Structures are given as C-alpha cells and as structure tokens.
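In: Below are the sequence and a predicted model for it; my questions follow.
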Amino acid sequence: MRYEWESMNRSRCRMAMVTTGIFYACIIACFVAADQRSYDGYEVWRAEPRTMKDVEFLKDLGFTTEIDYWSEPTTPGKPVDILIHPDKERTLRSTLETERIPFHTYIDNVQQLILEQMRRKIEAKNSRELRSILDFDYRVYHDYDEVMEWMNTITMEFPNNVTMEQIAVTYEGRPMYVLKFLGGGDVDKPVIFIDSLIHCREWITTASLLYIFKEMMTNPLYKHMLEDANWYFVPMINIDGYVETWTNDRLWRKTKSTGSSSLCTGVDANRNWDSYWSVSGSSNDPCSNLYHGPTPESEPVIRHLARYVLSLGKIDGYLSTHSYSQYILYPYNYANITTPDYELQDSVGEKMKNAIYAVYGTEYTNGLGATVLYEFSGTTSDWTYDKAGVKLSYTIELRDTGEYGFLLPPEQIIPTGEEYLAALEVFKNELTTL
C-alpha cells in the first residue's frame, strides 16, 4: 500500500506550494494525518572519545540505555554519532560531561531533514506511466510500491536479460524478490550478488542501485558489465521495515517481527545470520536496535535468502550494501581476525576505493570490518565468506560521513550511484581475471 500521507494529501500539498512556510506546514500536516512519528526536537550529537576508556564507556552506555548510535564507538579519535531524544538530552549531556567526553551538536534539526526529503519527493512527483526504466525519476527516493513497479518494468523491458524470482515472504506477508541479470554467452562468467536495504532506514542503498542497474541496461559504456558477468540483485531485504520508514517511522532500523515474550518489535537483520551469531556487537535485549533475534536466522527474509544463496552453488563476489560512513569492509567482522584470503580481499577493496575516489574525490576507507568499524557478529559478509564460500565478500557503507547520516539528500543519489558503479566495474574486472 502506498504511504498514506502521499495518497491522501498530495493534492493539498501541491496547492500549498505558494511559500516555503506554507509548504512545510502542509508536509507536517500530512505527517500528522498519517501518524508519522515526529522527530521534532531531536538532534544528532557527535562525541569524540579520546581514550579506550571513553570508547568502552560509550559501548556500555549503548547496551544499558535506549541510545540510537548512528555510528558506533570503535576506537579513540573516531567520532561517534548519537541520535538524541529531547527528553534524554539533559541526562546524556550530564553523563558525557561527567565522563569528560567531548561532544557537540552535529545535526540540530533531524525533523527538518526528514521533511526536506519528503518535500523533494512531492515536488518531483508526476503521474506519467512507467513504460521504461528511463521514465523513472532517479533523483528522489521511492517507496516500496514504486520500487516494485521499477522491478516489474525492467523485467518486461528486458525479458531476454532480466528475470525476477520470489525467494521469500516477509513476516508481514510481503514477497521478497531477486532480480537476475544474465547476459548469455560464457557459462563460466563470474557471478556477482548484491543486496541492499537490510537496514531499512538506509534509503540510499536501494536508490543508488536502481540507478546503477539502469545504467548497466541502457548506457553503452556499461554494456560490458552484463556481457562479462551474471548479476543477482535483491533491491529490498527488510521490506516490512522499509514500509515502516515511509508510513510510521522514518528512522526505523529493524525488521517488524514480534516475539511472544517481548513488547518490543523487530530484529537487527544484520546480526541474525548464522555466522558467529551473538558473539559480539549485538544485543540479547529485544528492545535494542542491535537485537540479534531469539535464534540464528529467526527472520524469514534472512533464512530464505541464505537458502537461496546456497542453492546457487557458485558465487564469485558478494556485496551487501549499507550506509553510512564510506567504508569498504571485508571479513571478518565478528573479531579482529583475518581470513586466509585477506591479501586478495584487501587488494580488491583498495582498487574499489580508488575507483570511487576517481569519480568525485570522495574518500572511502578499506579494511577489515572488525578493525575499521567494530566487532559485530551474525553479519552477511561473514556468513557469505564462511558458509557460502564467497572469497570476495564485502560490506559497502555508502555516503556520507555524518553530515546528513541516514537522511542523505536526494540530490546525492545519482553521485553516490556513479561512485558505487565505478567500484562495481572494478570489482567485475577483478573477478574476470581470477
């Protein structure tokens, strides 16, 4: 179902585009009408731990309170972004000051960024029938129904190359699909698997990849990418959560499953894989954003995606797409341990990093997940490396480094896609030479 505030109120919003103030007032009214959670008064603070004691304190704080870390405490000197509830601002300020951990306001109005994304959406909206993927507007974010429309369109437009297969049903009963981009020819071509939106508030992941696959199918410059490799693409893993971000809570992260013994909803799907499950960087508290679930693969989308990946038999490269922080991460994530394929993983990661930089000068960091980011287990890339035997398994954290965080402005969709496309081109080239 298309998000309620758009379908009920778009015409009123269009009529209100007389002044900026009236327009924003209309958007706010639309949100209220749909019971959309307001982040009015919320801020994002950037804390700057100077010692390991500061880092450990922030980690413990995250596990003992309902703090939403936008970027996790990892090492001294690396900033930590924290979403601040207005009711907890005074307490947290006092706590950080007592511990002498420096911090400052990094985003002073979270709700304004959310409304700005929606304003761009309404301004760009048109009623033109989607006859081709070239008709799709890649300059704005799209809800579940619109992404599904794009998926159906690309399969109808390129029936000889693109097929869609249902591989799961979500907790709330929505189908999950994989798109297969097969160029024909050599049966021994590399197989590359890409997923996105396992954390549903990371809208840039799906948006940038829709642009990328449009370029692969329509731009002669990237014709070789389909000719040289077979691609599998899951545009939306956490579909129920994605719908939630459009209808109720823009910053929802987890799935929407409910356990019989908890009043809290959802599981962190990237802590739910059957790979070092619950070992590190996750929580057994169902109310935590890092809740790993009651059992490995308790979430239907993870369980069935795992079965599908294993059923393919041969996958040469796997990239799980996230945001934000601008990282290229390879296993292991659960502990500071390198794999036997460390040198190859690091070399290919460096080449992707350099390809991204060559587009707009955007700097990514390449390295071992547990070292560059932090130790976290039950993750996609640890599972694909260990259980599916994919040597070149990566977690890609897209733009930015915190200026907008999960609320990346829509004008950055295409530039982000162009950078990621450059990395994928290098990734494909490396696989063809192995």
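Out: Sure, I can see it. Residues are numbered from 1 along each chain as shown.

In: Run through this structure and note the low-pLDDT ranges.
Out: Within the chain, the segments meeting pLDDT under 70 span 1-34, 64, 125-128, 186, 260-261.

In: Run through the strands of it in chain order.
Out: For the chain, the strands defined by DSSP state E cover 43-47, 68-69, 80-84, 103-107, 162-169, 175-181, 191-196, 230-234, 317-323, 327-330, 365-368, 392-398.

In: Mind putting those into CSV with distance to Pro415 and mean neighbour count?
Out: C-beta here means a position set from N, CA and C on the backbone, and glycine is covered the same way. Listed next are those as CSV, based on distance: least, C-beta to C-beta, whole Å; neighbours: other C-beta atoms under 10 Å:
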stretch, distance to Pro415, mean neighbour count
strand 43-47, 22, 20
strand 68-69, 26, 16
strand 80-84, 22, 21
strand 103-107, 20, 16
strand 162-169, 25, 16
strand 175-181, 23, 19
strand 191-196, 17, 24
strand 230-234, 20, 23
strand 317-323, 13, 24
strand 327-330, 17, 25
strand 365-368, 19, 18
strand 392-398, 11, 26
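
In: how about those strands in JSON lines, adding distance to Arg303?
Out: Below are the strands of the chain laid out as JSON lines (distance: least, C-beta to C-beta, whole Å):
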{"stretch": "strand 43-47", "distance to Arg303": "34"}
{"stretch": "strand 68-69", "distance to Arg303": "26"}
{"stretch": "strand 80-84", "distance to Arg303": "30"}
{"stretch": "strand 103-107", "distance to Arg303": "36"}
{"stretch": "strand 162-169", "distance to Arg303": "8"}
{"stretch": "strand 175-181", "distance to Arg303": "11"}
{"stretch": "strand 191-196", "distance to Arg303": "14"}
{"stretch": "strand 230-234", "distance to Arg303": "14"}
{"stretch": "strand 317-323", "distance to Arg303": "16"}
{"stretch": "strand 327-330", "distance to Arg303": "24"}
{"stretch": "strand 365-368", "distance to Arg303": "27"}
{"stretch": "strand 392-398", "distance to Arg303": "19"}
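
In: ok, now how distant is Thr74 from Tyr144?
Out: Going from Thr74 to Tyr144 by C-beta to C-beta, to the nearest Å gives 33 Å.

In: Neighbour count for those two, which is higher?
Out: Tyr144 (23 against 19; other C-beta atoms under 10 Å).

In: Do I have it right that that one meets Tyr242?
Out: Yes: at 5.7 Å, Tyr144 and Tyr242 qualify as touching, with contact defined as C-beta atoms under 8 Å.

In: how near is the residue lying closest to Pro286 once chain neighbours are set aside to Gly241?
Out: Once flanking residues are discounted, Pro286 sits nearest to Ser262: 3.8 Å by C-beta to C-beta, 6 or more residues apart in numbering. According to C-beta to C-beta, Ser262 and Gly241 sit 17 Å apart.

In: More neighbours: which of those two?
Out: Using other C-beta under 10 Å as the criterion, Ser262 and Gly241 rank with Gly241 on top: 29 against 13.

In: Now the nearest residue to that one once chain neighbours are set aside, what are its backbone angles?
Out: Leaving aside its chain neighbours, Gly241 sits nearest to Cys200 (3.2 Å; criterion: C-beta to C-beta, 6+ apart). Main-chain torsions, Cys200, degrees, to the nearest 10: phi -70, psi -20.

In: what number of residues lie near Cys200?
Out: 31.

In: correct me, but it touches Arg253?
Out: Yes: with contact defined as C-beta under 8 Å, Cys200 counts as touching Arg253 (6.7 Å).
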